[in-house]
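Q: A predicted structure for the sequence below; I have some questions about it.
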Amino acid sequence: MNHETRPPEIGYWIIPEYAGRGITTKAVNVMTKLGLESLGLDIITLRANPANTASNKVAEKAGYTLVGKEVEDDEELNVWSIGKDA
């Protein structure tokens, strides 16, 4: 990944049997802390389909800020971001 053109990104997917238990939010929190504190990243992003309420709630619960939208492969995505100052 070229960090000069696109910041590091976290992605996630969970099988339905484990959804709604907070597992994904906990995992995103751990990965975010690792990236910002241990790896020294300045910013991390994640993207979620606006219709995927659960994924957007994970981003919000993990402290990410909705910073915009983008289109990739004809799909509109919410773009969330968090930085060291968050």
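A: Perfect, I can see it now. Numbers count the residues shown, from 1 in each chain.
Q: now the residue lying farthest from the centre of the chain: how far from T24?
A: Computed with C-alpha atoms, centre = their mean, the maximum C-alpha offset from the centroid of the chain is found at E17, amounting to 21.2 Å. As for E17, its distance to T24 is 13 Å (criterion: C-beta to C-beta, to the nearest Å). Placement of C-beta: from N, CA and C, glycine included.
Q: OK, contacts around the residue farthest from the centre of the chain?
A: Going by C-beta atoms under 8 Å, 6 or more residues apart in numbering, E17 touches no other residue.
Q: secondary structure class for it?
A: Assigned with DSSP: H, G, I helix; E, B strand; the rest coil, E17 falls in the helix class.
Q: likewise for G68?
A: Each residue gets one of three states, and G68 gets strand by three-state DSSP.
Q: buried residues of the top helix by length along the chain, list them for me.
A: For the chain, the longest helix by residue count, based on DSSP state H, is helix 23-33. Going by neighbour count (16 or more other C-beta atoms under 10 Å), the buried part of helix 23-33 is T24, T25, V28, M31, T32.
Q: as JSON lines, those residues with pLDDT and distance to N78 would be great.
A: Listed next are those as JSON lines, based on pLDDT from 0 to 100; distance: C-beta to C-beta, whole Å:
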{"residue": "T24", "pLDDT": "96", "distance to N78": "16"}
{"residue": "T25", "pLDDT": "96", "distance to N78": "16"}
{"residue": "V28", "pLDDT": "97", "distance to N78": "15"}
{"residue": "M31", "pLDDT": "97", "distance to N78": "18"}
{"residue": "T32", "pLDDT": "97", "distance to N78": "17"}
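Q: strands of the protein, start to end?
A: When assigned using DSSP state E, the strands of the chain occupy the ranges 43-48, 65-72, 75-83.
Q: quick check: which of those strands is buried the most?
A: For the strands of the chain, the largest average neighbour count (mean count of other C-beta atoms under 10 Å) is found in strand 43-48, namely a mean of 21.
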